[in-house]
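Visitor: Okay, sequence plus prediction incoming.
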Amino acid sequence: MIILTNHSPDNNILQPKMVSQFHYLFIPIISLLFLLFPAAEPDLAADRAALLSLYSAIGGRGRACLWNVSDPSPCSWKGVFCNDNNTTVIQLRLPGCGLSGQIPTNSIGSLINLQNLSLRHNSLSGPLPPDLSSCTQLQRLSLQENNFSGQIPATLFALTNLVRLSLAGNSLSGEISPGFNNLTMLRILELENNYLTGSIPELNNLSRLQQFNVSYNRLNGLIPSGLSKFSNESFLGNTLCGSPLAACPSNNDGNGGGGKKLSTGAIIGIVVGSVIGLILILLVLFFLLRKRSPPTATPQAETSLPRPPGKPAVSDIELGSPKPLIVREASGDGGSRNGDTVVVNGVQSGRGDGLVFFGEGSVAFALEDLLRAPAEVLGKGTSGSTYKAYLEGETQAVVVVVKRLRDVCVSEREFREKVEDLGMLAHENLVPFRAYY
């Protein structure tokens, strides 16, 4: 600032003092004007626009809740309360006004100086508005007895000045988040009559909590010890246990928890694992039963044929070649005893240590060779035992099957006749008799 004066000595002496006094008066006046006038009107206008957006979306029935929207100041509208200077909205209370529909974004969330919001006992629906987190001055939030649905948004836990939070009587779902611990100023928390699931988390940060209610939800598990001071009415209508309700069953886990609900993935894993285990057990049983041999065909360790006491057993001999055999002398009716080959009742016999062979040819083995041959038991039945013997011939090995009979209640003559009749049979499906004793 430049001040022009005369060049008199007196003026030159007084000028600095006058400038200094004017300077001290000018600055406070200008500052006061900037503080009082410029900013008041735009804040209230923004709040008015937000309220009109809200009211056009959710409406209202009844003369008690009608707003005179022609009034430029919303501070005179029903349920709207402004600060002392009427420069911003600090309370919005419209309980039981027949409001319905969903709260749009950029409506309540734009009332950044809001301290008290009460829309209880209406028919509001949809999710809780996520932009409520912009109302950082909010102390009381009463939205009970509406039709709000979905989960409690995590943005709600940014309202650290909340003293009362009432969300009872809605259709809210999901679990109770540990994020409630951020609301350290909270004194009243009402979540009853919803569809909340899971267990109640520890809320140790809510040391000022005086009223708590989660009754008639779908909660389960152990009530945290920090909440056991509240009455049992606060927890009714759930599958909760622990103080102040009945103690939890003894089969809960070691930390006393009520057992969290198994996730869908865990349940599917248990079912699939059980089915696979059952299939494996059935497969093992199947192979064990299949591998098990019948009693009449159980192979035994290789042994020597036992020497039969008294009358020896009759043997069935399977040869690799179908050639008939000639045996040495054998006792038989009408047979020769000179060691030459003879025919006995159509059967050729020779000196073969008592063995009588069917057919013609040379004797392949003697009775002593048969008795000493290594063998294994094929089976045992009511008529006797069956063996498989391995004989070493002059040119090739011979495998025979020997049937040793016991308790034969017929005469020797009758026995020989029956065996010789059987030996004469020939068919492609019958194993031919080769010899008997």
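Guide: Yep, that arrived. Since this is a predicted model, take the numbers as computed values, not measurements.

Visitor: Could you list the domains of the chain?
Guide: According to automatic domain parsing, the chain comprises the domains 40-264, 303-436.

Visitor: Of these, which stretch is the most buried?
Guide: domain 40-264 (a mean of 17; mean count of other Cβ atoms under 10 Å). C-betas here are computed from N, CA, C, even on glycine.

Visitor: Need phi/psi at the closest residue to N146 other than its chain neighbours.
Guide: Once flanking residues are discounted, N146 sits nearest to L124: 4.3 Å by Cβ to Cβ, 6 or more residues apart in numbering. For L124, the backbone dihedrals (degrees, to the nearest 10) come out as phi -70, psi 140.

Visitor: State the pLDDT value of L124.
Guide: Listed pLDDT for L124 reads 94.

Visitor: Write down the beta-bridge partners of it, one by one.
Guide: Bridge pairing for L124 (DSSP bridges) gives the partners G101.

Visitor: Tell me who's in contact with it.
Guide: With contact set as Cβ atoms under 8 Å, 6 or more residues apart in numbering, L124 has these partners: 58, 99-103, 143, 146-148.

Visitor: let's go with 10 Å and repeat that
Guide: By Cβ atoms under 10 Å, 6 or more residues apart in numbering, the contact list for L124 reads 57-58, 99-103, 143, 145-148, 170.

Visitor: For those, work out which two are farthest apart.
Guide: The span of the contacts of L124, defined through Cβ to Cβ, is set by A57 and E145 at 19.3 Å.

Visitor: Show me the shaky parts of the stretch 1-150 of the chain.
Guide: For the stretch 1-150 of the chain, residues meeting the criterion pLDDT under 70 lie at 1-42, 60-65.

Visitor: that's a strand at P249, yeah?
Guide: No: read with DSSP: H, G, I helix; E, B strand; the rest coil, P249 is coil and lies in no strand.

Visitor: hang on, the earlier thing: I'd like the contacts of L124 written out as JSON lines, with distance to V377 and secondary structure added.
Guide: Putting those into JSON lines (distance: Cβ to Cβ, whole Å; DSSP: H, G, I helix; E, B strand; the rest coil) gives the following:
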{"residue": "A57", "distance to V377": "96", "secondary structure": "helix"}
{"residue": "I58", "distance to V377": "96", "secondary structure": "helix"}
{"residue": "L99", "distance to V377": "96", "secondary structure": "coil"}
{"residue": "S100", "distance to V377": "93", "secondary structure": "strand"}
{"residue": "G101", "distance to V377": "92", "secondary structure": "strand"}
{"residue": "Q102", "distance to V377": "89", "secondary structure": "strand"}
{"residue": "I103", "distance to V377": "92", "secondary structure": "coil"}
{"residue": "L143", "distance to V377": "89", "secondary structure": "coil"}
{"residue": "E145", "distance to V377": "89", "secondary structure": "coil"}
{"residue": "N146", "distance to V377": "88", "secondary structure": "coil"}
{"residue": "N147", "distance to V377": "85", "secondary structure": "strand"}
{"residue": "F148", "distance to V377": "85", "secondary structure": "strand"}
{"residue": "N170", "distance to V377": "83", "secondary structure": "coil"}
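
Visitor: so what pLDDT did N181 get?
Guide: For N181, pLDDT reads 96.

Visitor: That one is in contact with N205, isn't it?
Guide: Yes: between N181 and N205 there is a contact under Cβ atoms under 10 Å: 3.8 Å.

Visitor: For burial, what's the neighbour tally of F287?
Guide: 10 (other Cβ atoms under 10 Å).

Visitor: Let me see the contact set for F81.
Guide: Listed by Cβ under 10 Å, 6+ apart, the contact set of F81 reads 74-75, 89-93, 114-116.

Visitor: Show only the entries of the residues you listed found in helices.
Guide: Counting by DSSP state H, no part of the contacts of F81 is found in helices.

Visitor: Spell out the secondary structure type for V271.
Guide: Under three-state DSSP, V271 comes out as helix.

Visitor: For it, grab the count of nearby residues.
Guide: Around V271 there are 10 residues (other Cβ under 10 Å).

Visitor: ok, now K291?
Guide: The number of residues near K291, taken as other Cβ under 10 Å, comes to 7.

Visitor: quick one: it and V284, what's the gap?
Guide: 11 Å (Cβ to Cβ, to the nearest Å).

Visitor: ditto for N193
Guide: Taken as Cβ to Cβ, the span from N193 to V284 is 54 Å.

Visitor: before we move on, what about P224?
Guide: Distance, P224 to V284, by Cβ to Cβ: 48 Å.

Visitor: Same question for L159.
Guide: Relative to V284, and taking Cβ to Cβ, L159 is found at 62 Å.

Visitor: What of S263?
Guide: S263 sits 31 Å away from V284, going by Cβ to Cβ.

Visitor: Which secondary structure state is assigned to L172?
Guide: strand.

Visitor: OK, contacts around it?
Guide: Contact analysis of L172 by Cβ under 10 Å, 6+ apart lists 127-128, 143, 148-152, 191, 193-196, 217.

Visitor: So what sits opposite it in the bridge?
Guide: In this entry, L172 is beta-bridged to G150, by DSSP bridges.

Visitor: In TSV, list the contacts of F81 along with distance to Y390.
Guide: Formatted as TSV, these follow (distance: Cβ to Cβ, whole Å):
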residue	distance to Y390
P74	114
C75	118
V89	111
I90	111
Q91	110
L92	107
R93	108
L114	105
Q115	107
N116	106
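
Visitor: out of those residues, which are inside strands?
Guide: Among the contacts of F81, DSSP state E puts 89-93, 116 in strands.

Visitor: Can you tell me which of those is nearest H427?
Guide: Distances from H427 to the ones in strands among the contacts of F81, taken by Cβ to Cβ, are shortest for L92, at 108.8 Å.

Visitor: Next, find the distance separating the closest residue in space to the closest one that isn't next to it in sequence from L124.
Guide: Excluding the flanking residues, the one nearest L92 by Cβ to Cβ, 6+ apart is L117, at 5.4 Å. As judged by Cβ to Cβ, L117 and L124 stand 12 Å apart.

Visitor: Which neighbours do these two have in common?
Guide: L143.

Visitor: isn't R218 right up against L191?
Guide: No: counting by Cβ under 10 Å, R218 does not reach L191; the two are 11.9 Å apart.
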